[in-house]
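Asker: this is a predicted model, with the sequence first.
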Amino acid sequence: MNYLLHVAVVLDPHNKLRYVNYCIETIYGKNSEKGKEISGKVKQTLEDLFNHYKSKAEKTNVQNTQDGVFIDKSSSVGEMDVDLELEFDKHDDEGQDTKSEVEIYLAYGREKRDQTFDLLGWWKSNSVKLPILSKVAKHVLAMPISTIASESAFSTGGRVIDKYRSSLNTDTAKALICVQDWIRSSSVDLELYCNMSSKDIDELNEKMAEMLLKSKNSSEGPQKV
């Protein structure tokens, strides 16, 4: 199961985790162990993504801070002051509210459903409040997802070759291909062709193939002994 698809639903402010949990309960039943497991993995996947982006952002910020601070190499006092400042910033951040952006986002009320709602625009406008999670949303929601109709994926009705078609000789197959080209040409009434059933088309193909074979045999004439 690809939990990123569930995460994409959670990152829609219309839905969030509550909608995903509701769908899981509808499918697996309320308080089912399987449902709880899936729900937990969905939230854990989102938190793991957030922590990964957060660690990358922290490394970038530390590097930018170090690059932007001028330190007098001849003075050990200057180095000690910078180290103390960095340690203080880390200590001060830990002493503040420890709620992550994921928890803050999930605690927000859901947005009202609106067909004109701009999902990526919402995350852009909330990037100041949720800077890291907005980057996660930008990348997850931009993933291309291919979809296919279930009838096409699981139905083999139109792909089975019957005994008649599988036993065609080369000349007959060529004749049928030629007939198909004629039928689909602009000189043929396409509307009539589209209204024909598959059985009628097969009968027409067979008759045309017989005509072509008879014409070929008559043109060759009797074989000389």
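Answerer: The structure has been received and is ready for your questions. Small disclaimer: the values here were computed from a predicted structure and weren't measured.
Asker: which helix runs longest in this protein?
Answerer: helix 33-68 (DSSP state H).
Asker: what comes up buried for it?
Answerer: By neighbour count on 16 or more other C-beta atoms under 10 Å, the buried set for helix 33-68 is 35, 38-39, 42-43, 45-46, 49-50, 53-54. From N, CA and C alone the C-beta is placed, and that goes for glycine too.
Asker: ditto for stretch 2-13
Answerer: By neighbour count with 16+ other C-beta under 10 Å, stretch 2-13 contains the buried residues 3, 6-8, 10-13.
Asker: could you point out which element follows the helix or strand bottoming out on mean pLDDT in the chain?
Answerer: Here the helix or strand of the chain ranked lowest by mean pLDDT, DSSP states H and E is helix 190-195, holding a mean of 55. For helix 190-195, the following helix or strand on the C-terminal side (DSSP states H and E) is helix 198-220.
Asker: list the buried residues of that next one.
Answerer: Neighbour count says helix 198-220 has 205, 208-209, 212 buried, by 16+ other C-beta under 10 Å.
Asker: and for it, what's in contact with it?
Answerer: Residues from elsewhere that reach helix 198-220 (C-beta atoms under 8 Å, 6 or more residues apart in numbering): 171-172, 175-176, 178-180, 182-183, 193, 196.
Asker: care to break this protein down by domain?
Answerer: Annotated domains of the chain cover 3-141, 161-220 [automatic domain parsing].
Asker: which residues of the chain score low on pLDDT?
Answerer: Residue ranges of the chain with pLDDT under 70: 61-83, 85-86, 88-98, 145-168, 184-196, 216-225.
Asker: may I see the buried residues of stretch 2-13 arranged in a markdown table, with secondary structure and distance to residue 30 as well?
Answerer: A markdown table is the format used below for the buried residues of stretch 2-13 (DSSP: H, G, I helix; E, B strand; the rest coil; distance: C-beta to C-beta, whole Å):
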| residue | secondary structure | distance to residue 30 |
| --- | --- | --- |
| 3 | helix | 21 |
| 6 | helix | 18 |
| 7 | helix | 23 |
| 8 | helix | 24 |
| 10 | helix | 20 |
| 11 | coil | 25 |
| 12 | coil | 23 |
| 13 | coil | 25 |
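Asker: out of the buried residues of helix 198-220, which one sits closest to residue 125?
Answerer: residue 205 (60.9 Å; C-beta to C-beta).
Asker: how close does the closest one sit to residue 171?
Answerer: Going from residue 205 to residue 171 by C-beta to C-beta, to the nearest Å gives 14 Å.
Asker: do residue 56 as well
Answerer: Counting by C-beta to C-beta - residue 56 and residue 171 are separated by 66 Å.
Asker: swap in residue 114?
Answerer: Distance from residue 114 to residue 171, by C-beta to C-beta: 63 Å.
Asker: cool, residue 4 as well?
Answerer: 54 Å.
Asker: swap in residue 123?
Answerer: Distance from residue 123 to residue 171, by C-beta to C-beta: 63 Å.
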